[in-house]
Every structure is written in structure tokens, then in C-alpha cells.
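A.B. asks: have a look at this fold, sequence not included:
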């Protein structure tokens, strides 16, 4: 089964047989970009939908959990959090060749460059404020009221468990020895903060290009790509997003590190995190560097997984070679934060 192919005839037959949609003319086009799960724009007659499926081949355990992604967005939609409406989840791999889910297509804008060159200074400020406000809102939601109390492991030791998980994932995807990554692992194991008992719904990949904005203003209509979501700690999301301030603007995952943010109307990292702490009841940690280094390591492990899947022919990401070249620079930047 090709990563970029969707059998629309089989899909249309399945949706019709299951009384999900009345299917007449059906077309599909794969979205470009870095989704680890192949994602398609599906057009049925004159209506648009989005389908996400697991990629083919041997997959890392716990990766590509589209069933969890479907579940969390379905729960969030019920409390009017900014997500697409979910339509159907199919566990039966024989339907189209792999598990998949179907959701509404949200018409809006996705911004790929964090410098937002197409916007004015005021619009950029509004975009970053909307991201900050939405993240604080997400972390304020009641997990029990969402029906997600059993969504993932919870309780003490979140960062300890996450570190063990991502070390394991990194080892499973490792294609070469990187000395800086080994040093980072040692730092993180030594610098683990004490558990504060806080548990929130964490997005896991909270960044600009995982949001759909209104076509004509700066409102967030949908936060997408919840594959890495979990019952986690709010600082994991915040630090992960703040890497965007530190990554250089000329790398494959473009950042803000080499840009004049004040001139652009974009808040500094310090201003952004202080705004988040003011909007939430989360206390500022004494060792902010730990959370940044953990986020760098996690990102490097994710990129290493893309590279490994590309080598094995199972990746839907056409930028694997560029990601491969980023891993060592990311590790060096993270190592510079260790103290």
C-alpha cells in the first residue's frame, strides 16, 4: 500500500455500507507536509472532509495512535473547544487497508512561517495572543468532565515516565550514534524536577502550523494533530512551543531565533510565558531550562523516528532528509542549555 494513495472506491463503499455518508462522486488528495499519519482532503460531491489514516508497515509501539486522536477531539468538541467535528472512526483495517478516521474540513488559514510575513504587526501580535490564550484554556479543562480520566497514565512521575518513553523511542529509531544526545539524556535524568501532582490534557505538539485560523481575522478555529496528546503537565506544552523562539529561521522547522521579534510585533519568549502564567494557575518553575532541554530532546527523537520510517519506506513525510540534518544541531542547542 502506497503512503500517498487512498482507495476512494473502497472508502466510498465503506461509508455507504455503514450509513455514514451518502457517497456519489468521491475524490481524494493527500495534504503535503509533515504529518506522521497520511492525511487526505476527501471531496464527496461538493462537500469536503479530512481523513487521517495509519501509515503502512511496521510501526513503533504507541506511535500513530489515531484512535486516541479521534477520541480526544470528539471529547473536546463537546465542550466547544476549537477542534474539528469528528464523524467516524474505523478500526477495521480491511476497509481501506489501515485504521482511519473522518472529520469535518475546517475552512481557514494555516500559517507555516512563525514570522507571519503575510500579516501586519498588529495581526501577528493577535495571532500569538490567540495561541497563548487557547493553550491556557486547554490546560484549564476538567479531565473528568471531558470523560478522559483514563486517557493515559496519570499521577506522579509524568516527566520521569515521558523521559523513559522518549529515550526508548529514540533508541528504537536510532540510525547513528550522536554524542550530544547521550549527554542530553544524562542531564535530563539528573535534573528531573520533583512531581507537583498537576495533571492536564496536554496537546503534545502545540505549535503554529497545527492550528487553523479564521479566514479574515486572528481567531483559532481548530487545533489539529492530537496524535501526541496525553494526560500530562502544562509546562511540557509551553516549553515545546517556546522552542519556536529558539530555532533558527532558516532551518526546515523554521523558528524565530534569528529574527527581530519586537519589530515584527511578536512577543519575546519571556513575555509569552509570563502572559501564560498570568492566564493560568501554573507556577513558574525554578529550572525552566530543564523543560526546554526535554522539549529539544523529544523533538529530536520525533525527527529521528521520521528518518527511520523514511529509510524503511513507511514515512508520509517528504522532508525526512532535511529533518535528519537537523537532529545534531538541535542536540547541540539543547546541550548549551544544560547547567
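C.D. replies: That came in fine, so what should we check first? Just so we're clear, the structure is a prediction, and the values are computed from it rather than from any experiment.
A.B. asks: low-confidence ranges in the stretch 151-300 of the chain?
C.D. replies: Scanning the stretch 151-300 of the chain for pLDDT under 70 picks out 154-156.
A.B. asks: tell me where it has helices.
C.D. replies: 158-173, 179-191, 234-246, 261-264, 269-279, 288-311 (DSSP state H, counting those that start in this stretch).
A.B. asks: what's the closest of these to residue 88?
C.D. replies: helix 288-311 (26.2 Å; Cβ to Cβ). From N, CA and C alone the C-beta is placed, and that goes for glycine too.
A.B. asks: helices or strands up against that closest one?
C.D. replies: helix 158-173, helix 179-191, helix 234-246, helix 320-337 (3 or more Cβ pairs under 8 Å, 6 or more residues apart in numbering; DSSP states H and E).
A.B. asks: hey, which of these is tucked in deepest?
C.D. replies: Neighbour counts (mean count of other Cβ atoms under 10 Å) averaged over each of the helices and strands packed on helix 288-311 peak at helix 234-246, with a mean of 23.
A.B. asks: what sits up against it?
C.D. replies: 114, 131, 135, 138-139, 158-159, 162, 198, 200, 202-208, 255-257, 261, 268-269, 272-273, 276, 280, 282, 285, 288, 291-292, 294-296, 298-299, 333 (Cβ atoms under 8 Å, 6 or more residues apart in numbering).
A.B. asks: count of residues packed around residue 220?
C.D. replies: Counted by other Cβ atoms under 10 Å, the residues lying close to residue 220 total 18.
A.B. asks: buried residues in stretch 278-294?
C.D. replies: 279-280, 282, 288-294 (16 or more other Cβ atoms under 10 Å).
A.B. asks: gap between the nearest residue to residue 277 once chain neighbours are set aside and residue 296?
C.D. replies: Spatial nearest neighbour of residue 277, chain neighbours left out: residue 284 (5.5 Å); criterion: Cβ to Cβ, 6 or more residues apart in numbering. Per Cβ to Cβ, to the nearest Å, residue 284 is found 20 Å from residue 296.
A.B. asks: now the helices and strands packed on helix 288-311 as a markdown table including distance to residue 108?
C.D. replies: Shown next, in a markdown table, are the helices and strands packed on helix 288-311 (distance: least, Cβ to Cβ, whole Å):
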| stretch | distance to residue 108 |
| --- | --- |
| helix 158-173 | 31 |
| helix 179-191 | 37 |
| helix 234-246 | 20 |
| helix 320-337 | 26 |
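A.B. asks: contacts only, for the nearest residue to residue 120 once chain neighbours are set aside.
C.D. replies: Excluding the flanking residues, the one nearest residue 120 by Cβ to Cβ, 6+ apart is residue 265, at 7.6 Å. The contact partners of residue 265, taken as Cβ under 8 Å, 6+ apart, are 120-125.
A.B. asks: restricted to helices, list those.
C.D. replies: Among the contacts of residue 265, DSSP state H puts 121-125 in helices.
A.B. asks: how's this protein carved up into domains?
C.D. replies: Using automatic domain parsing, the domain parsing of the chain gives 8-15+22-104, 121-337.
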